[in-house]
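Novice: this one's sequence-less:
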C-alpha cells in the first residue's frame, strides 16, 4: 500500500526484510519493565540530600555559597527526611563516593620531541571503551541502540523510494559491516574537538574532545542528558613561542602534539578495532563489537589538523579531496578523493627520500605533513571519509563573513535611506514562533533566513546590478542550506540538493568577476555535502552545534568553580560530577514513574519525547483544536462590533448559506431538514487560538503549529496566515475570525479567512531569479468561511505592495518542501 515502510537489514544480521504499514511503524523500541532501584540516590543519605547537592552543582555554587545553602536547609528541613550535610566538604565526599558509577578521567603525560629537546604536556581523557561500555550497560539506553546496518524505503504507489536519516541507515555503516567477520557489529563513535575560550579575553582556553555513539538515534545524541555528547578528553594547547612562531617545524610540532594526544585517547579502541571485542549486552546476547570512528565533527581548521594537511595556503587545501588551490570555486568538477592509505604511503615515501628538501617536496605534492596520523591505528576508519561537512561553520564562515558582509557593504553604499528601509522591512515582518524579531539588522553581524524578502525591493537589477547578482547568490545559498537541513533525505532530495549546489556555484562564478575573491576552501567544501549525507545520514548527525553548545557549561565551571590556576582537572572534576548527577536524576525519574503507576509506554528517557516514532504515538490526536475562547456573543453584537469592516457585512446571512451547503457536502443532516437559519439573537463563541497538528512532508512525523487570531496579542494585533486545502488545490489565506457555533446538536469549528488566491498575472523576472512564490489577496470583502479542518498548517507571508504577498519558505523544512511542490504545480521552471 502507499506509504508502507520497507526495512532491510544487513545480510550478516540474518534478519529478513520487513514491510510495515505506515501508521504502525515505529523506530522506538519497547521500554524495559524491570523495577528500578529503590534508592537510586545512594550513597547520598536521602533524596533530599542528592537534590540539594544537584542544585548546588547546576548553579555552580562555590564552597562558601554551598555552606550557606546547607545552613539554610538545616534550619528549614522537615522531619520526614534526614538532612545530614554540614558543609560543602560533605557534598564533595558524596560526589566522590558515587563517581565510580561512570568512567572517570585519566591523567597522563605525553612527550613529543622538538629540536634537541623533549617537551611534555598533560592530557586528560576517559577510556573510550569503558565509556562506551557504560552506555551499552544502561538498560534505558540499550533498547534504542542499533547494531546492524539498515535500509529504509517508502512506497510511493509505484516503487519503494529509499530514504536515509540516521548513520546506521547510510552507506558507510553498511559498508563497514560488510568488511567485518560474520557476526561482527560496528560500534560507531562520533568525535568532536575544538578549542574554546574559557575567559572573556581568551587568555584562558580549553580544548575539549566530545564523543557520542552513532548507534543511538540522533534525538538522543543531539539532546541533553544520558546518551548525548560527553566530554571524553582535554587536549593540551601548545603555548606560542615567539622565537619559533611561523616556522614549518613548529607548526609540525603542534600537529604532532595533537596526534600523540589523540593516540592516547584512541588507545583503548585501536586493538579492538582489529580483533573485535565480545560484550555481554543487557538483553543477555553476547555481541562482537568492532569500534570505528564513523564521524569526525569539526570546523575547517580542525579538520586540517585531523587529516594533517597543510591548510588553506597549500596546493591541495581540501582535507577530503585533491582539488587544486586555484579550482576551489569550481563545484561542477569532481576531483579524486583523499584516502588514509594514500596519505600514509605518501608520508612513508617522503621519509625514504635522501634529503630533507626532497622529503619536503614530496609532502608538498599532496599538501601533507611529516607526521603519522593517530587515526591510522583504527581499522575500518578512514580519517578523510570520517571528516564531515559542518553547517554551523558553513553558515558562519561563508554566509556571515562573506555573503552577508558583502550585502551590507552594498546596501550601505546606497545611502542612509536604503539602510533605514532595510531595517523597517525587517521590523514589519509578521511574528513567527521561535523566530527572533530583530531590529536594526544592518548593524548585526549575522542574519540569514529572511534577508531576500527584506532587500529584494532595494537591490534591484536596474539600480544595483552587482547587489542584485549577490542577492541571487544568497537565494541559492539559502536553498542549499534548506536542503542540507532536511531531517530525512530521499534519492530525490539528494539529487535536488546537488543541483542547488551547482546553481549556487554557477552564480558565484559570475560574481567572481567582481573585486571579491570567492576562491576559498569553505566554499569548496559544499561539494561534499551530499556525499556526506549519503555516507553518514542527515546533516544533524555531524553538525558541530550540539557539541559547541557544551562549551557553555565548561566556561561556567571555569568562571565559577575554579581558582583560575591549573583549571583542566578542576573543570573535568565538575564535568564528571554533572555526568553522575544526570545518571542519578534519570534513575530517580524512573523510580517516581514506577511508583506512580505510569504506563509502560510512557517511560522514556528524559528529553527524548516521542520523536523516535516515525508516526506520532498519539495518532488519534485531533488535527485542529480551538482555544482562548471569549465570552459568548450574539450575531447582532458581533456584526455591530465589526460594522466598519466590510468583511463582516451580512456575516450571519453568509454563514447561513455556507453552513447549508457545507453540511450537505459532509453528509450531515440539516436541522429539521431545512436550510440553516441563524437569528440575530443566536450566539457563537469567538476563539483567538488554534492548535494545528500536521504531518511533515520531510520526516512524516506529527508536528504542531500554534496560530493566533487576536486583535490584541501582547498588545498588538495578530492574524496569522495559513495553508488551506480546498477541493481544487492548496491556497493561502489570513485568519480573520475563529469561532464555534452549534447547529442542531453539532458543534462546528469554523474560520472566516481572507483568501490569497487572486490571479497574479505573468510571473515577474525578479520572482524567477529569486525563486519567489507570490500570491495575491482578493478584496477583503470576499472573505470566505472554512472549516478549521481545511487548515493544513501555518504560513509566513510578507506583504509586497498593497495586495501581493511573498511566501517565506525558509522558516522550516516542511515549509520549504511544501512551497517547492507549489512551484512545480504552477509550472515554475528550475533555474541554473
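Specialist: Happy to help now that I have it. Every value quoted in this text rests on a predicted model; they were computed, and no experiment measured them.
Novice: quick one: buried residues of the helix or strand bottoming out on mean pLDDT in the chain?
Specialist: Every helix and strand of the chain was ranked by mean pLDDT, DSSP states H and E. The lowest is helix 63-76, at a mean of 78. Residues 66-67, 69-70 are the ones in helix 63-76 that count as buried (16 or more other CB atoms under 10 Å). Bear in mind the C-beta positions are built from the backbone N, C-alpha and C, glycine included.
Novice: what does stretch 529-544 give?
Specialist: Neighbour-count burial for stretch 529-544 [16+ other CB under 10 Å]: 529-533, 535-544.
Novice: again, but for stretch 574-592
Specialist: 574-591.
Novice: was I right about residue 553 contacting residue 578?
Specialist: Yes - counting by CB atoms under 8 Å, residue 553 touches residue 578, with 7.1 Å between them.
Novice: surely residue 41 meets residue 50?
Specialist: Yes - applying CB under 8 Å as the test, residue 41 and residue 50 come out as touching, 3.9 Å apart.
Novice: any common contacting residues for these two?
Specialist: 584, 588 (CB atoms under 8 Å, 6 or more residues apart in numbering).
Novice: for residue 623, grab phi and psi.
Specialist: In terms of degrees, to the nearest 10, the main-chain angles of residue 623 are phi -60, psi -40.
Novice: distance-wise, check it relative to residue 383.
Specialist: From residue 623 across to residue 383, the span is 49 Å (CB to CB, to the nearest Å).
Novice: quick one, which of these two is more surrounded?
Specialist: residue 383 (23 against 15; other CB atoms under 10 Å).
Novice: quick check: nearest residue in space to the more buried one, chain neighbours excluded?
Specialist: residue 375 (4.2 Å; CB to CB, 6 or more residues apart in numbering).
Novice: count the neighbours of the one you found for me.
Specialist: 24.
Novice: one more: the one 10 residues further on?
Specialist: Neighbouring residues of residue 385 were enumerated by other CB under 10 Å; the total is 22.
Novice: just checking, it touches residue 535?
Specialist: Yes - applying CB under 8 Å, one finds residue 385 in contact with residue 535, separated by 6.9 Å.
Novice: give me the common contacts of the two.
Specialist: Joint contacts of residue 385 and residue 535 (CB under 8 Å, 6+ apart) are residue 172.
Novice: can you map out the strands along the stretch 701-832 of the chain?
Specialist: In the stretch 701-832 of the chain, the strands defined using DSSP state E, counting those that start in this stretch lie at 702-713, 716-719, 721-725, 730-743, 746-756, 773-776, 784-787, 791-795, 797-800, 804-807.
Novice: do the same with the stretch 51-200 of the chain
Specialist: 105-114, 117-126, 150-155, 160-164, 184-193, 196-197.
Novice: so where is this protein shaky, pLDDT-wise?
Specialist: Counting by pLDDT under 70, the chain has low-confidence residues at 26-35, 75-83, 511-516, 597-621, 830-832.
Novice: so which residue is smack in the middle of it?
Specialist: The residue lying closest to the centre of the chain (CA atoms, centre = their mean) is residue 540, at 4.9 Å.
Novice: now for the nearest residue to residue 91 once chain neighbours are set aside: which residues touch it?
Specialist: Setting aside the residues directly before and after it, residue 91 is nearest to residue 53 in space (CB to CB, 6+ apart), at 4.7 Å. By CB under 8 Å, 6+ apart, the contact set of residue 53 is 44, 85, 91, 94-95, 581.
Novice: same check on residue 742?
Specialist: With CB under 8 Å, 6+ apart, residue 742 has these contacts: residue 748.
Novice: now for residue 787: which residues touch it?
Specialist: Residue 787 touches 662, 748-751, counting by CB under 8 Å, 6+ apart.
Novice: just residue 429 next, same as before
Specialist: 437, 450, 453-454, 798.
Novice: same thing with residue 797?
Specialist: The contact partners of residue 797, by CB under 8 Å, 6+ apart, come to 430, 721, 732, 734, 756, 775, 805-808.
Novice: from these, pick the one nearest residue 674.
Specialist: residue 734 (33.1 Å; CB to CB).
Novice: which residues does the closest one bridge with?
Specialist: Beta bridges link residue 734 to residue 721, residue 754 when assigned by DSSP bridges.
Novice: give me the distance between stretch 95-106 and the centre of its chain.
Specialist: 31 Å (CA atoms, centre = their mean, to the nearest Å).
Novice: mind listing what's buried in that stretch?
Specialist: Result for stretch 95-106 [16+ other CB under 10 Å]: buried residues 95, 98, 102-105.
Novice: same question, stretch 316-332
Specialist: Here stretch 316-332 shows 316-321, 323, 325, 328-331 as buried, counting by 16+ other CB under 10 Å.
Novice: and what of stretch 807-826?
Specialist: Under 16+ other CB under 10 Å, the buried positions of stretch 807-826 are 807-820, 822-823.
Novice: same check on stretch 408-425?
Specialist: Applying 16+ other CB under 10 Å to stretch 408-425 flags 408, 410-411, 414, 418-419, 421-423, 425 as buried.
Novice: stretch 127-134 too?
Specialist: Those buried within stretch 127-134 under the rule 16+ other CB under 10 Å are 127-129, 131-134.
Novice: likewise for stretch 623-638?
Specialist: 624, 626, 633-635, 638.
Novice: go through those and say which is closest to residue 688.
Specialist: Nearest member of those to residue 688, counting by CB to CB, is residue 626, at 9.0 Å.
Novice: SS state for the spatially closest residue to the closest one that is not a sequence neighbour?
Specialist: Spatial nearest neighbour of residue 626, chain neighbours left out: residue 687 (4.1 Å); criterion: CB to CB, 6+ apart. Under DSSP: H, G, I helix; E, B strand; the rest coil, residue 687 falls in the strand class.
Novice: go ahead and confirm residue 687 touches residue 629.
Specialist: Yes - judged on CB under 8 Å, residue 687 makes contact with residue 629 at a distance of 5.3 Å.
Novice: spit out the residues that contact those two alike.
Specialist: residue 740.
Novice: re the thing from before, same for the least confident helix or strand of the chain, what does it pack against?
Specialist: helix 47-58, helix 88-98 (3 or more CB pairs under 8 Å, 6 or more residues apart in numbering; DSSP states H and E).
Novice: please identify which of those helices is closest to residue 393.
Specialist: Across the helices and strands packed on helix 63-76 (criterion: CB to CB), the nearest stretch is helix 47-58, sitting at 29.8 Å.
Novice: any buried residues in the closest one, and which?
Specialist: For helix 47-58, by 16+ other CB under 10 Å, it's 47-54, 56-57.
Novice: from those, which single one is nearest residue 362?
Specialist: residue 57 (53.2 Å).
Novice: my read: that closest one touches residue 574, true?
Specialist: Yes - here residue 57 reaches residue 574: they are 7.3 Å apart, a contact under CB under 8 Å.
Novice: for residue 385, give its distance to residue 292.
Specialist: Taking CB to CB, one finds residue 385 at 10 Å from residue 292.
Novice: next: residue 578.
Specialist: 28 Å.
Novice: what does residue 233 give?
Specialist: Taking CB to CB, one finds residue 233 at 18 Å from residue 292.
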